[in-house]
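Engineer: attaching a predicted model along with its sequence, questions to come.
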Amino acid sequence: MMTLDILICTIDEGILRVPEVLMPPRDDVRYVVSMQYTSEGMKKRVPQVLRERGDVMLTFLEGRGLSRNRNHAFEHSTGDIRLIADDDNRYTDEGIDHIFEAYKEHPETDIICFAAESYEGQPMKVYPTKTMEYWEAFRQGYFPTSMEMTMRRSVDVKFDERFGLGAERLCAGEEDVWMKDATDKGYRALFVPQVVVRSRYETTGSHFVGNTRLQMSKGATFRHLFGVPEALWRTLKEAGWWMVHRGANPFPILWNMLKGIVEV
């Protein structure tokens, strides 16, 4: 029997939301709950159900950094398949079954990205309409969000802890960086247009103009994915797009993205 670990990463009060992520128990699914905490007292707020359920492994990590937390959850995962999760995600048996079916249908594949919906059933983004290699989907405009990402336990790649929420300087981009690192190591990745999760609808791009760290993160991600020359070209295009389509001053955006390119 193939098994799945749902890796739920949260911090401090977020642990109070985790019980809502849990489905009724099933033999082929386990939850690895990795709780970061900023004070010892926060660990006392863990809901009792997380300590009582036999399909939940609860583990703790002091400090901040979502990529650190993801890597910590990896270390405690033993399932055949890993599903990246947050404390506001919702799952159904049907969605979990789709994950198992996809891996059985593509036994040569190491990583599969799926689709996500809002709680109201609206697509989180524009997705490709057919199954395809990950980089083909990327060239068509698809970019991964962590809750869409699954991988076999054999995929030995960690999240780059310089990127992601709670990191020192770069607050985003960790999913794109992880996918690049994984495929550079030779792991095969697919996109499958099947909804497997629902979550709260929110995009980092909605506050890009006013967020210096987000702009730096995008520049750094461009460099990691494409190298310096293409990153510079994409940075120019990005700043120009925000000027033309949103009326933003392009120069701060350009400057901060260039700082991000230097950062990595």
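Structural biologist: That came through fine. Numbering: from 1, shown residues only.
Engineer: contacts for stretch 36-46?
Structural biologist: Outside stretch 36-46, the residues within contact range by CB atoms under 8 Å, 6 or more residues apart in numbering are 9-13, 15-16, 35, 58, 60-65, 68-69, 166. For every residue, glycine as well, the C-beta is placed using N, CA and C.
Engineer: where do the strands sit along the stretch 151-264 of the chain?
Structural biologist: Assigned by DSSP state E, counting those that start in this stretch, the stretch 151-264 of the chain shows strands spanning 189-199.
Engineer: the stretch 1-150 of the chain too?
Structural biologist: Secondary structure of the stretch 1-150 of the chain (DSSP E, counting those that start in this stretch): strands located at 4-11, 29-37, 56-62, 81-86, 111-118, 132-133, 149-152.
Engineer: present the ones you listed as TSV; the columns should include mean pLDDT and mean neighbour count.
Structural biologist: TSV is the format used below for the strands of the stretch 1-150 of the chain (pLDDT from 0 to 100; neighbours: other CB atoms under 10 Å):
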stretch	mean pLDDT	mean neighbour count
strand 4-11	98	24
strand 29-37	98	23
strand 56-62	98	16
strand 81-86	98	24
strand 111-118	98	21
strand 132-133	98	16
strand 149-152	98	21
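Engineer: quick one: which of those is nearest residue 209?
Structural biologist: For the strands of the stretch 1-150 of the chain, proximity to residue 209 was assessed by CB to CB; strand 111-118 is nearest, at 23.2 Å.
Engineer: packing partners for the closest one?
Structural biologist: Helices and strands touching strand 111-118, by 3 or more CB pairs under 8 Å, 6 or more residues apart in numbering; DSSP states H and E, are helix 93-105, helix 134-139, strand 149-152, helix 174-184, strand 189-199.
Engineer: quick one: the residue positioned nearest the centre of the chain from residue 82, how far?
Structural biologist: Of all residues in the chain, the one closest to the mean position by CA atoms, centre = their mean is residue 146, 1.5 Å from it. Separation of residue 146 from residue 82 (CB to CB, to the nearest Å): 11 Å.
Engineer: end to end on stretch 130-137, go ahead and measure it.
Structural biologist: Using CA to CA, to the nearest Å, the end-to-end distance of stretch 130-137 comes to 9 Å.
Engineer: what residues of it count as buried?
Structural biologist: Residues 131-132, 134, 137 are the ones in stretch 130-137 that count as buried (16 or more other CB atoms under 10 Å).
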